[in-house]
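Trainee: model the structure of this input:
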Amino acid sequence: KVTYRPLSLPSGIGPMESDECQVDPAVLEVFTNALLTRHRETQHAIERALTEGFVITMLALAERAGVEVHWEPPPGAAPAAELRDVQIPVNACAANREDRQVWSEELRGKTQELGRFMAR
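Mentor: Sure, this is the predicted structure:
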């Protein structure tokens with residue numbers, strides 16, 4: 001099973017057998033949206049760089065599974081209290097709505113590009 005320790009959530013992706021695995025869309029939806037939220041909220045450049053490929057892969061899998069992805073945070077949503085960065089951000093890419101929109105569009109484009117290479 002795929003797990004990502006910082007989230008402490010199951011991914012919804014079962015064990016790989018003969019290059020296939022079972023996916024639980026409901027669990028995958030919770031996991032993917034929590035992962036996207038964490039990626040959106042961190043301003044830690046190293047964490048962003050190290051996790052971007054994983055985030056894009058999970059988003060592509062989620063879209064393939066028909067999961068609803070919450071690209072934008074709900075109106076009035078506060079950042080998760082337990083997420084704290086100790087690095088001074090190079091750029092606060094989640095600081096305002098315009099920056100979040102650019103980030104979201106770039107991530108969507110990368111997700112769509114990767115999705116083209118996934119088997120159907």
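Trainee: would you list the phi and psi of Val55?
Mentor: Backbone dihedrals for Val55, given as degrees, to the nearest 10, come out at phi -60, psi -50.
Trainee: correct me, but it touches Leu107?
Mentor: Yes. Counting by C-beta atoms under 8 Å, Val55 does reach Leu107; the two are 7.2 Å apart. Yep, even glycine has a C-beta here, placed from its N, CA and C like the rest.
Trainee: quick check: neighbours shared by the two?
Mentor: Overlap between the contact sets of Val55 and Leu107, as judged by C-beta atoms under 8 Å, 6 or more residues apart in numbering, is given by His39.
Trainee: which residue of this protein lies farthest from its centroid?
Mentor: In the chain, the residue that sits farthest from the middle, by C-alpha atoms, centre = their mean, is Ser18; the gap is 26.3 Å.
Trainee: how close does that residue sit to Thr57?
Mentor: Taking C-beta to C-beta, to the nearest Å as the criterion, Ser18 is separated from Thr57 by 20 Å.
Trainee: what helix or strand is the residue nearest the centre of the chain on?
Mentor: Ranked by distance to the mean C-alpha position of the chain (C-alpha atoms, centre = their mean), the top residue is Leu36 at 3.0 Å. Leu36 is part of helix 25-41 when elements are defined by DSSP states H and E.
Trainee: for Ala119, same thing?
Mentor: When secondary structure is defined by DSSP H and E, Ala119 falls outside every helix and strand.
Trainee: measure it to Leu61 for me?
Mentor: Counting by C-beta to C-beta, the gap from Ala119 to Leu61 is 12 Å.
Trainee: isn't Leu59 right up against Glu113?
Mentor: No. Contact status for Leu59 versus Glu113: not in contact, 11.3 Å apart, counting by C-beta under 8 Å.
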